[in-house]
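Enquirer: Need the 3D shape of this:
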Amino acid sequence: MATFLASAQFGRCPIGYLKCIKDRDGIAIDDASVFPKLREAPTIILCDFEVKHADVIGFISANIRRHYPAAEIYFAVFGAMTKDPDLKIESFDQLTGAEIMRAANLSAVFIAATMNPPGIEPPLELR
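Expert: Here you go, the predicted structure:
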């Protein structure tokens, strides 16, 4: 995904890397993370493979806003977990992470598929 975004198609945009360390005390940003030098008021696309319940997106978006206060932040995720077994949803609120994503104050959220617990691991069920 990062290679595609950094391609000529996107004008060789800078790519950052955020690694979270999660333990029972909370979430922290790993020292291996990279916040690239960006113009003022950048457009930032956060990409993740799945979103379940954890407030990682809220934590990450808050950290990005500290580094880039005027950033416009978008979130692209492959799979988002639904609250009930029916993977066909009619509203954003039917996702387990809806409140967390709303609280992150994202400009938009792009979701490729919905999923049931346990998530994107065997048994895999996406629609």
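Enquirer: can we go C-alpha only for contacts and neighbour counts from here?
Expert: Noted.
Enquirer: Name the helix or strand of this protein that has the lowest mean pLDDT.
Expert: Taking mean pLDDT, DSSP states H and E as the measure, the helix or strand of the chain with the lowest value is helix 2-5, at a mean of 66.
Enquirer: Which strands or helices does the longest helix along the chain pack on?
Expert: In the chain, taking DSSP state H as the definition, the longest helix is helix 56-67. Where contact means 3 or more C-alpha pairs under 8 Å, 6 or more residues apart in numbering; DSSP states H and E, helix 56-67 is packed against helix 98-103.
Enquirer: Determine the set of other helices and strands touching the helix it packs on.
Expert: Using 3+ C-alpha pairs under 8 Å, 6+ apart: helix 98-103 touches helix 56-67.
Enquirer: In which helix or strand does the closest residue to A108 other than its chain neighbours reside?
Expert: With sequence-adjacent residues excluded and distances taken as C-alpha to C-alpha, 6 or more residues apart in numbering, A108 is closest to Y74, at 5.1 Å. Assessed by DSSP states H and E, Y74 sits inside strand 72-81.
Enquirer: How about residues contacting that strand?
Expert: 41-52, 61, 95-97, 106-117, 119-120, 126 (C-alpha atoms under 8 Å, 6 or more residues apart in numbering).
Enquirer: Those, buried ones only, as a PyMOL selection?
Expert: Of the contacts of strand 72-81, the buried ones go into a single PyMOL selection, burial set by 16 or more other C-alpha atoms under 10 Å:
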select buried, resi 44+45+46+50+51+52+61+95+96+97+106+113+114+115+116+119+120+126
